[in-house]
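1. Got a predicted model here, sequence first, then my questions.
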Amino acid sequence: MAESVTLSPVHSRSIGDLAVIYAGDYLNKLSGERIERECRRQLEAGCRALVINFRETELVNSIGVSILLGVIDAVETTGARLIFSDVNQQTVQLFEMLGLTRHVALAKDEQEALATLAEFAPIPKAVGH
Amino acid sequence: MEQGESLQKLLHTFAALADLGQEIAETTSFQEKTRTLLHLVQGSLGIMRGALAEFDAESHALSFVAAHGMGTATPANITLTSEEAHALLKLGICGLTRDDETQSFAAFLKRHQTQLDALRVDLIVPLVTRESLVGIILLGGKATGEPFSTEDREIVCAMARHIAVGIREHRLFEELAQRAEENRVLYEGMRAIYRDTVRAFAAAIDCKDKYTQGHSERVGKYSEIIAREMGWSDEEIEGIAVAGYLHDIGKLVVERDIINAPYRIDAKQSSELNRHPAAGYEILLPISHPYADIPLTARYHHERIDGRGYPEGLTGDQIPLVAKIVSLADSFDAMTTDRPYKKRRGMEEVVEDFRRNTGKQFAPEVVASFCRALLKEVNGETTNRRIIKLLGKDYVERERVAPLLQALIEELESGAFSAAAGNA
């Protein structure tokens, strides 16, 4: 199955009905809204599972947290699944402190996130980048 | 809570407060600002749902301006009773939970229970500043699942104080903008009245002279065209049009028989008529005109570059530019309209008169500008043919007049007349 890739500070790739969204280096209002838009677009397109990859993210501010809560709410409303991957230790502590980890699973890396999602539904093999 | 987590929470809250202050100072739209402020409140404590409403003291309506996590729709407005509004005002900025037993607040909770339930609201924060209720924040569900602690409520209240001030400032700006707009409309109205009054005066001046009806208005228009060609601003152009309209206002004090004499007037009558520039100055001087030089234009529009004009015999740069322009416009209209003792001149003759009198009667730069404006119309380089419209379309024959104008312009631009003007 073909994989689509979009390039921007916040970019994503689709693998069947799964999407990986890559957050930028600083999750603030601007990048947060881009993530939210991309997540909503993927959900509207029929995506059933989302991975937000934080491998480049060094810092998440309050607006970023609030926007992520909105994404969690949107995912829960549609009955889809959401996993955060590659979250640095400082951000993990923040997410735990504010309760985000009660609503979303954390994976060490993207591969682990995809494997976790595969336990619930088969994931088509990704083709190229 | 562990010490490390406590410190991290404190730092996160401080950062949110700093961002809040910065956002309030930003010049983004009010809608965008309120959305961001609500994000900051929710993100500081990990709150799932939030809405921010603005309170209108006249209608008592709480209108929601931002909402997150409450579904796609903006919550419906809430109308408060006077008692409820008063109660929220008295409570001030505080975090009120649904089980708060304050009597006045309990009545609010009871009346709006259905809507608060639908929005799953746990915490209500009135936004109060300078003894007025400006809005309310509704919050629901911490992501941790824990209830709002006393510290949480204090953090929310600290942010709410800033937000209340932000809303108040926004309203003050809106009021200022509205007043500025009202003043602008008022000012425009007054300018229109002023212009109409000036036109009425011009008509009154021209009524006195049965042979030169419309003269003042035409002089105003020719002056405007010259000033525009010289690159004046719209404000200045408007001013010179007024100066043109009023340049002959002094004729109101000259006897009608002298003005309307169907023959060349004698020296005594001429002296009487020549009083009109100074009289016009005296009439216009006490009036606060929105434009400069209106009285001076009336006084000096019969001055000549060579010093042979009246009333003071000024020369060259002693004459204000505005008076030089009106002087040319005045002479042009005199030459191109029928008078009791002579028919109007042909256009070629008028151009020749310009050439002959530039540097003597007329300022070279003014003549050049007028000729350029006329040539553009003659050659069809502009659709706005204002001079030709005033002269009548058959008056100017393009084939004969255009080369004369072109030649005079070139002569003027070569500086041939500057020396003459300078010697004046």
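-> Yep, that arrived. Residues are numbered from 1 along each chain as shown, chains lettered A, B, ... in the order given.

2. what about residue 41, neighbour count?
-> Picked chain A for this. Close neighbours of residue A:41, defined as other Cβ atoms under 10 Å in any protein chain shown, add up to 14. Using the backbone N, CA and C atoms, a C-beta is placed for each residue, glycine as well.

3. oops, I was thinking of chain B
-> 25.

4. can you pull the contacts of it?
-> Each residue near residue B:41 by Cβ atoms under 8 Å, 6 or more residues apart in numbering or on different chains is listed here: B:16, B:47, B:50, B:137, B:139, B:156, B:159, B:160, B:163.

5. per-residue confidence for the residue most central in space within chain A?
-> Using Cα atoms, centre = their mean, the residue of chain A that lies closest to the mean C-alpha position is residue A:52, 1.7 Å off. The score at residue A:52 is 96. That number is its pLDDT.

6. circling back to that earlier point, Serialize the contacts of residue B:41 to CSV and add fields for pLDDT and secondary structure.
-> Shown next, in CSV, are the contacts of residue B:41 (pLDDT from 0 to 100; DSSP: H, G, I helix; E, B strand; the rest coil):
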residue, pLDDT, secondary structure
B:16, 93, helix
B:47, 97, strand
B:50, 94, strand
B:137, 95, strand
B:139, 95, strand
B:156, 94, helix
B:159, 94, helix
B:160, 95, helix
B:163, 94, helix
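
7. what's around the residue nearest to residue B:212 when sequence neighbours are not counted, how many residues?
-> The shortest distance from residue B:212 to any non-neighbouring residue, by Cβ to Cβ, 6 or more residues apart in numbering or on different chains, is to residue B:206 (6.2 Å). Residues lying near residue B:206 (other Cβ under 10 Å) number 20.

8. Same question for the one 10 residues further on.
-> Summarising burial for residue B:216: neighbours were counted as other Cβ under 10 Å, giving 27.

9. what about the closest residue in space to it that isn't next to it in sequence, helix or strand, and which?
-> Leaving aside its chain neighbours, residue B:216 sits nearest to residue B:202 (3.8 Å; criterion: Cβ to Cβ, 6+ apart). Take DSSP states H and E as the rule and residue B:202 turns out to sit in helix B:150-208.

10. Doesn't residue B:290 belong to a strand?
-> No - using DSSP: H, G, I helix; E, B strand; the rest coil, the assignment for residue B:290 is coil, not a strand.

11. Would you mind measuring from the residue in the stretch 151-300 of chain B that chain A sits nearest to to residue A:90?
-> Nearest residue of the stretch 151-300 of chain B to chain A (Cβ to the nearest Cβ) works out as residue B:159 at 9.8 Å. Distance from residue B:159 to residue A:90, counting by Cβ to Cβ, to the nearest Å: 23 Å.

12. Mind checking which of the two has more residues around it?
-> residue B:159 (25 against 12).

13. show me the contacts for the more buried one.
-> B:16, B:17, B:20, B:37, B:40, B:41, B:44.

14. same thing but 6 Å
-> With contact set as Cβ atoms under 6 Å, 6 or more residues apart in numbering or on different chains, residue B:159 has these partners: B:20, B:41.

15. near chain A, which residues of the stretch 101-250 of chain B?
-> Proximity of the stretch 101-250 of chain B to chain A, by Cβ under 6 Å from any Cβ of the partner chain, involves residues B:143, B:144.

16. so where's the stretch 101-250 of chain B shaky on pLDDT?
-> By pLDDT under 70, the weakly predicted segments of the stretch 101-250 of chain B are B:210-211.

17. quick one: the helices in chain A?
-> Using DSSP state H, the helices of chain A run over A:29-44, A:62-78, A:89-98, A:110-120.

18. chain center to the first one: distance?
-> When distances are taken as Cα atoms, centre = their mean, to the nearest Å, helix A:29-44 is centred 10 Å away from the chain's centroid.

19. which residues sit against that helix?
-> So helix A:29-44 is contacted by A:10, A:12, A:19, A:21, A:23-24, A:50, A:63-64, A:67, A:70-71, A:78, A:80 (Cβ under 6 Å, 6+ apart).

20. wait, which of these is closest to residue B:315?
-> Taking Cβ to Cβ as the measure, residue B:315 lies nearest residue A:63 of those, at 71.9 Å.

21. Isn't that closest one up against residue B:39?
-> Yes - counting by Cβ atoms under 6 Å, residue A:63 touches residue B:39, with 4.4 Å between them.

22. How many residues are close by residue B:383?
-> Neighbours around residue B:383, by other Cβ under 10 Å: 6.

23. hmm, I was thinking of residue B:107
-> Applying other Cβ under 10 Å, I find that residue B:107 has 14 neighbouring residues.

24. Please give the element, helix or strand, for it.
-> helix B:103-111.

25. Could I have the CA atoms of that helix written out in PDB?
-> Taking Å, rounded to 0.1, in the frame of the first residue of the first chain, the C-alpha atoms of helix B:103-111 are listed here in PDB:
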ATOM      1  CA  GLN B 103     -26.400  31.200  48.900                       C
ATOM      2  CA  SER B 104     -26.300  33.700  46.000                       C
ATOM      3  CA  PHE B 105     -24.200  31.400  43.900                       C
ATOM      4  CA  ALA B 106     -26.400  28.400  44.700                       C
ATOM      5  CA  ALA B 107     -29.300  30.100  43.000                       C
ATOM      6  CA  PHE B 108     -27.100  30.600  39.800                       C
ATOM      7  CA  LEU B 109     -26.100  26.900  39.900                       C
ATOM      8  CA  LYS B 110     -29.700  25.800  40.300                       C
ATOM      9  CA  ARG B 111     -31.100  27.900  37.400                       C
END
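
26. Centre of the chain to it, how far?
-> 50 Å.

27. Could you do stretch B:96-105 as well?
-> For stretch B:96-105, the distance to the chain centre is 51 Å (Cα atoms, centre = their mean).

28. and if you look at stretch B:132-142?
-> 40 Å.

29. got a list of contacts for it?
-> B:46-55, B:62, B:85, B:88-89, B:120-127, B:160, B:164, B:167-168.

30. Chain neighbours aside, what residue packs nearest to residue B:75?
-> Nearest non-adjacent residue to residue B:75 (Cβ to Cβ, 6+ apart): residue B:64, at 4.7 Å.

31. now that neighbour, which residues is it bridged with?
-> Assessed by DSSP bridges, residue B:64 has beta-bridge partners residue B:53.

32. Can you give me every residue that contacts it?
-> B:51, B:53, B:74, B:75.

33. Any stretches of chain A with poor pLDDT?
-> Looking at chain A by pLDDT under 70, you get A:1-9, A:121-129.

34. Show me which residues of it are close to chain B?
-> A:62, A:63, A:65, A:66, A:69, A:70, A:73, A:93, A:97, A:98, A:99, A:100.

35. please redo it, this time with the cut-off set to 8 Å
-> Proximity of chain A to chain B (Cβ under 8 Å from any Cβ of the partner chain) is limited to residues A:29, A:61-67, A:69-70, A:72-73, A:93-94, A:97-100, A:102-103.

36. what about burial for these, which qualify?
-> For the residues of chain A next to chain B, a burial check counting by 16 or more other Cβ atoms under 10 Å in any protein chain shown picks out A:29, A:61-67, A:69-70, A:72-73, A:93-94, A:97-100, A:103.

37. So for residue B:155, what's the nearest residue that isn't a sequence neighbour?
-> Leaving aside its sequence neighbours, residue B:155 is closest to residue B:13 (5.5 Å, by Cβ to Cβ, 6+ apart).

38. which element is the one you found on?
-> With DSSP H and E as criterion, residue B:13 is part of helix B:3-25.
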